[in-house]
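Participant: Okay, predicted coordinates and the sequence, questions at the end:
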Amino acid sequence: QKEVEQDPGPLSVPEGAIVSLNCTYSNSAFQYFMWYRQYSRKGPELLMYTYSSGNKEDGRFTAQVDKSSKYISLFIRDSQPSDSATYLCAMSTYSGGGADGLTFGKGTHLIIQP
Amino acid sequence: DTAVSQTPKYLVTQMGNDKSIKCEQNLGHDTMYWYKQDSKKFLKIMFSYNNKELIINETVPNRFSPKSPDKAHLNLHINSLELGDSAVYFCASSSRDTQYFGPGTRLTVL
């Protein structure tokens, strides 16, 4: 079993829809959870950062962490064509990644249809 | 100003060659990393460096060697390149909360 599972998609939705992206993980030591967005042929760009369980909102983006279920989600409201990208969940035991670095899911390829 | 930069952006070379990728960060961070992203977009850590000291080396062949001349730079040297080394290599640096990634170096071994 991989440490972090993420459906690779592609996930295709119409513009304006609410998008839900998810990851599950097996390592209960993970405390820090991140979502990165990666456009084609670019580096990953940090979208959201959450510590432990709970919700965090930033504009159209909401990140949720449920440590009891080992499940994290990213919601995108009012999705735009510019949101089309690969979304990577990442997590770590230590703040900033520490010595172990970040453990990533495989990424979900999201397509927003105009 | 770019926070984390890498050179070159593209690298095409023959099997058996030795090559280097350079990384620089201007964020003042203490810890830097190298990640490898394979053809299926899976990002996996290779090395981390803290204050010029190697902290972890995830089952990476010893043909790969990170070199840090100072806190702002972490270069990746690869000897005797193999076809399977073809991938995108990302440098990252770590703040207190998270990591910032460079634009990547696309390595193609022919």
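Facilitator: Structure's in. What do you need?
Participant: Check what pLDDT residue A:2 gets.
Facilitator: In this model, residue A:2 is scored at 68, pLDDT.
Participant: who's the spatially most central residue of chain B bridged to?
Facilitator: By CA atoms, centre = their mean, chain B has its centre lying nearest to residue B:34, at 3.6 Å. Beta-bridge partners of residue B:34, counted by DSSP bridges, are residue B:47, residue B:91.
Participant: Show the contacting residues for it.
Facilitator: B:23, B:45, B:46, B:47, B:66, B:74, B:76, B:89, B:90, B:91, B:92 (CB atoms under 8 Å, 6 or more residues apart in numbering or on different chains). No exception for glycine: its C-beta is placed from N, CA and C like everyone else's.
Participant: if you set the cut-off to 7 Å instead, what comes out?
Facilitator: B:46, B:47, B:66, B:74, B:76, B:89, B:91 (CB atoms under 7 Å, 6 or more residues apart in numbering or on different chains).
Participant: Any of the residues you listed buried? List them.
Facilitator: Neighbour-count burial (16 or more other CB atoms under 10 Å in any protein chain shown) is assigned, among the contacts of residue B:34, to B:46, B:47, B:66, B:74, B:76, B:89, B:91.
Participant: Residue A:77: which of those is nearest?
Facilitator: Closest approach between these and residue A:77, by CB to CB: residue B:91, at 32.8 Å.
Participant: Quick check: the closest one touching residue B:74?
Facilitator: Yes: the criterion here is CB atoms under 7 Å, and residue B:91 meets it with residue B:74 at 6.3 Å.
Participant: Could you tell me which residues touch both of those two?
Facilitator: If you check residue B:91 and residue B:74 against CB under 7 Å, 6+ apart, the residues they both contact are B:23, B:32, B:34.
Participant: If you drop the residues flanking it in sequence, what lies closest to residue A:58?
Facilitator: Among residues not flanking residue A:58 along the chain, residue A:48 sits closest, at 6.2 Å (CB to CB, 6 or more residues apart in numbering or on different chains).
Participant: Contacts only, for that neighbour.
Facilitator: A:34, A:35, A:56, A:58, A:61, A:63, A:74.
Participant: Against which helices or strands is the helix or strand hosting the third one packed?
Facilitator: This means residue A:56. Assigned by DSSP states H and E, residue A:56 belongs to strand A:54-58. Strand A:54-58 sits against strand A:45-51, strand A:61-66, with contacts defined as 3 or more CB pairs under 7 Å, 6 or more residues apart in numbering or on different chains; DSSP states H and E.
Participant: That strand: which residues count as buried?
Facilitator: Under 16+ other CB under 10 Å, strand A:54-58 has no buried positions.
Participant: what does it contact?
Facilitator: Strand A:54-58 is contacted from outside by A:48, A:50, A:62, A:63, A:64, A:65, using CB under 7 Å, 6+ apart.
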